[in-house]
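Quick one, fold the following:
(one chain, ligands or ions: 2)
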Amino acid sequence: MNKLQFMRKYSFDENDSINPLLAKWNNIARNKRPIIGNELKSTVCQSGKTAQIWIQSDACRFSKLGACTCCDYFQGQPDVDQVNAFVSALSQMDPSSNTIVLNTCGSVLDKSELKTETLVLIIDEIAKTNVSTVVLETHLNTITEEILKILLPYKNILDIYFEIGIETLNRDINQFILNKLPFDRNINRVIGLIHSYGFRVTGNVMTGFPFLDYASQVLDSVTTIRTLLDTGIDFIVLFPINIKKYTFMYDLYDNGFYKVVNGRILIDILTHFSQEELEYINVGWYGEPRIDIPGYKSDDMIVPYYCEKCYKQMMQLWLDYNCAWEGSEREQILSNMKAIVCSCNYDQLITTHKVEIDFDSLDKAYQHFYSSTDMEE
Ligand code: SF4
Ligand SMILES: [Zn+2]
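Ligands and ions are numbered 1, 2, ... in the order given. Down below sits the predicted model:
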């Protein structure tokens, strides 16, 4: 089956702004997720001098629409005292931290999750600490001139980055597999706007999408990163899909349509970039399980695969990679990873010139969920 036949079969159009089938199936999974209670208003996840602080909020508006088949950023309460939650997190943060990555159940700049007045109070609290860099994790659509103007006065005391989830620039993957909205995002315009105010921007790139063979998975991420770097993005975080319960991706995995991604894919992607470029590409979510959230069990998130023999060593090497400043050092770490002698380490042939979705397999999966969810109704 080719793309056209697939689109005809499921009545998709090139101009669609959402994939209603993915939205429906993803919502069936999401509707079962636990709602986080008031007992956990914030968390701190410390990694070296970086503290990732999560504050409870209402769920992401896109997640409520069934978007983003890989994502579960939780469903929280809409009425938590978020300034208090943040101050309590600050008290648990390592005092030598120099960077705070701030997130909510979706986007810190979405006023329905975090009011602008609350965000300003939180930034005022950060300004009282020794932290010099703040990363605001948010959806591309939430970055407006209005918010940039509000944040402008803080530029003298804090280095502010926006972190946005790009995942992939491949429209077909987006429309038929991921359902990240909107499909056509004006990334150039937003990056330009951020730069015009003197702020910087990090793009998150996700790898290991289902219904793509290994070479296409690698090529998709290489193409996405290359395009973003050419557009002038300041920083990239590359991460493999972690399969989270209460997402459609988990249901694909559970029904045998998707396998856990091999963590080594990151090496095969990164070796496409020069030493200079590697300095701007970090890795994330490469294999460590996430912190505890009430209602969730440790195996509710399936991390990328590494063999038992290599796991510890690879975790250390990825940490070393992120901590290395020089591109040459990063390149050396990647070649050390490639040189590890183990049965799980073999050269994968990357011969493709085009990212190809396997529409036959995708059709089988759609057919499966099409029939089973119709029966549920
Ligand atoms: S990936 Fe971002 S936009 Fe999509 S559902 Fe998750 S938090 Fe929302
Ligand atoms: Zn191994």
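
Going by C-alpha atoms from here, please, whenever you check contacts or count neighbours.
Fine.

Wait, Gly165 touches Leu136, no?
No: the criterion here is Cα atoms under 8 Å, and Gly165 misses it with Leu136 at 11.5 Å.

neighbour count winner among these two?
Leu136 (21 against 17; other Cα atoms under 10 Å).

Which element is encountered next along the chain beyond the stretch of helix or strand the more buried one belongs to?
Using DSSP states H and E, Leu136 sits in strand 133-137. Using DSSP H and E, the helix or strand that follows strand 133-137 in sequence is helix 145-151.

Could you pull out the buried residues of the helix or strand Ala89 falls within?
For Ala89, the element it lies in under DSSP H and E is helix 82-92. For helix 82-92, a neighbour-count test (16 or more other Cα atoms under 10 Å) marks 82-83, 85-86, 89-90 as buried.

Stretch 166-181 now?
Within stretch 166-181, the residues scored as buried using 16+ other Cα under 10 Å are 166-169, 171-181.

What residues does the protein have near ligand 2?
307, 310, 342, 344 (Cα under 5 Å from the ion).

Next, the contact list for the closest residue to ligand 2 within the stretch 101-250 of the chain, please.
The stretch 101-250 of the chain approaches ligand 2 most closely through Pro240 (17.6 Å), counting by Cα to the ion. By Cα atoms under 8 Å, 6 or more residues apart in numbering, the contact list for Pro240 reads 206-208, 261, 263, 265-266, 284-286, 304.

sorry, back to before: most widely separated two among the buried residues of stretch 166-181?
Ile166 and Phe176 (15.9 Å; Cα to Cα).

Could I get the CA-only coordinates of whichever helix or strand comes after the helix holding Ala89 as PDB?
The C-terminal neighbour of helix 82-92 among helices and strands, as given by DSSP H and E, is strand 99-103. Presented in PDB, the C-alpha positions along strand 99-103 are these (Å, rounded to 0.1, in the frame of the first residue of the first chain):
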ATOM      1  CA  THR A  99      20.300  26.000  35.700                       C
ATOM      2  CA  ILE A 100      16.600  25.500  36.200                       C
ATOM      3  CA  VAL A 101      14.500  23.700  33.600                       C
ATOM      4  CA  LEU A 102      10.900  24.600  34.300                       C
ATOM      5  CA  ASN A 103       7.900  22.600  33.200                       C
END
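
Can you show me the strands along this structure?
42-47, 50-55, 99-103, 133-137, 159-167, 200-207, 235-240, 243-244, 281-283, 301-302 (DSSP state E).

what comes into contact with the fourth one?
What it means is strand 133-137. Outside strand 133-137, the residues touching it (Cα under 8 Å, 6+ apart) are 98-103, 106-109, 158-164.

near ligand 1 too, which of these?
Gly106 (Cα under 6 Å from any ligand atom).

Show me the helices in the stretch 151-300 of the chain, by range?
Taking DSSP state H, counting those that start in this stretch as the criterion, the stretch 151-300 of the chain carries its helices at 171-173, 187-196, 214-231, 248-254, 265-270, 275-278.

In contact with Leu121, which residues?
Val83.

rerun that using 10 Å as the cut-off
82-83, 86, 115, 127 (Cα atoms under 10 Å, 6 or more residues apart in numbering).

so which of these would you say is closest to Pro153?
For these, with Pro153 as the reference and Cα to Cα as the criterion, the closest is Ala127, at 11.6 Å.
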